[in-house]
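Q: Let me see the structure of the following:
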Amino acid sequence: MATQLKTTSLPEAVYDALRERILGAAIEPGALVTESAIALEYGVARPTAKAALERLVSEGLLTRRAHRTARVPELGRDDIIDLFENRATVEAAAISALARRGTIPPAALDAHRALLERARLDESFAQEDIAFHRELVAGQPSPRLARMHALLMGEIELCIGQVQAYHLLTARDVASQHQGILNAIEAGDHADATRLTREHIAGTRERLLAHYDSSHD
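A: Reported below is the predicted structural model:
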C-alpha cells in the first residue's frame, strides 16, 4: 500500500515527506535513497521521485555522485566542528547586523511563535528551529551573507534534525535560547546578541559531538 502524501503538487509532496523523514532520522545517515524505491513507496512515477531527490541533493540533505545512488550524508566529527565554526561566523555576523538596527524579521518571529507552540505541545521542532535561523539570516541586509548561509543550510539542517531525533535538546531549551537572542536584537545590543548566538550554536555543537563520540566508541 502506497504511503499517503499531503495534498499539493506531487514532486513537492514527495520532497516534503522525504525531508521530514531525513530530518527526523527516520531515514538514517548513510542510508541509500533510490528513485525506484521512492516511486514505489509513494505510488508516483519515477520522474516525480527523481525531481524530489534532485531538490534534496541541491539542498545538501542528500548527496549523489555522477551515476550513483543518492544517500543521506554521514557527518564525521571533523565535519561537525568545521560546519558549526562556519555557521557561528555567518549567523553571528547576521544577527549583529540585525541588532545594530534593532529590527527582527517578521518571518523569524513567526517561526519563533511556531516553535513556542511546539514546545507547549512537546512536539517535534526541527522545522521551526531551522526556519528561525533561516529567516534571521535572510532578514539582514547583505544578500551575500545570506547566500553563504544557504550553502551551509543542508548540513545544518541534518545536524538540527539529529539534535531533535536523539533528544539532545528539547523544544523548550531551544525556544528559551532563541528568546534571549531576540531580546538582545530588539534592545539593539549587538555584542550580547552575537555572544548569545555563538553560545547557542556552540552548545548545540557540543551536545552533537558528545552524542557522536558516545555512538562511535
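Q: count of residues packed around P29?
A: By other C-beta atoms under 10 Å, the residues close to P29 number 14. C-betas here are computed from N, CA, C, even on glycine.
Q: how close does the spatially most central residue of the chain sit to V14?
A: Per C-alpha atoms, centre = their mean, the C-alpha nearest to the average position across the chain is that of E157, at 2.4 Å. Distance, E157 to V14, by C-beta to C-beta, to the nearest Å: 17 Å.
Q: again, but for T48
A: Taken as C-beta to C-beta, the span from T48 to V14 is 6 Å.
Q: I'd guess the residue nearest to the centre of the chain is in a helix, am I close?
A: Yes - assignment of E157 by DSSP: H, G, I helix; E, B strand; the rest coil places it within a helix.
Q: Find the residue closest to it in space, skipping its chain neighbours.
A: In space, and not counting its chain neighbours, E157 is closest to I130: 5.3 Å by C-beta to C-beta, 6 or more residues apart in numbering.
Q: what helices or strands is the helix or strand containing that neighbour leaning on?
A: Per DSSP states H and E, I130 falls inside helix 126-138. Packing partners of helix 126-138 (3 or more C-beta pairs under 8 Å, 6 or more residues apart in numbering; DSSP states H and E): helix 10-23, helix 77-101, helix 106-121, helix 143-165, helix 171-187.
Q: Export it to PDB, keeping only CA atoms.
A: Presented in PDB, the C-alpha positions along helix 126-138 are these (Å, rounded to 0.1, in the frame of the first residue of the first chain):
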ATOM      1  CA  ALA A 126      13.300  20.800  13.800                       C
ATOM      2  CA  GLN A 127      11.400  22.500  11.000                       C
ATOM      3  CA  GLU A 128      10.600  25.600  13.200                       C
ATOM      4  CA  ASP A 129      14.200  25.800  14.600                       C
ATOM      5  CA  ILE A 130      15.500  25.700  11.000                       C
ATOM      6  CA  ALA A 131      13.000  28.300   9.800                       C
ATOM      7  CA  PHE A 132      14.000  30.600  12.700                       C
ATOM      8  CA  HIS A 133      17.700  30.600  11.800                       C
ATOM      9  CA  ARG A 134      17.000  30.800   8.000                       C
ATOM     10  CA  GLU A 135      14.700  33.800   8.400                       C
ATOM     11  CA  LEU A 136      17.100  35.700  10.800                       C
ATOM     12  CA  VAL A 137      19.900  35.500   8.200                       C
ATOM     13  CA  ALA A 138      17.600  36.200   5.300                       C
END
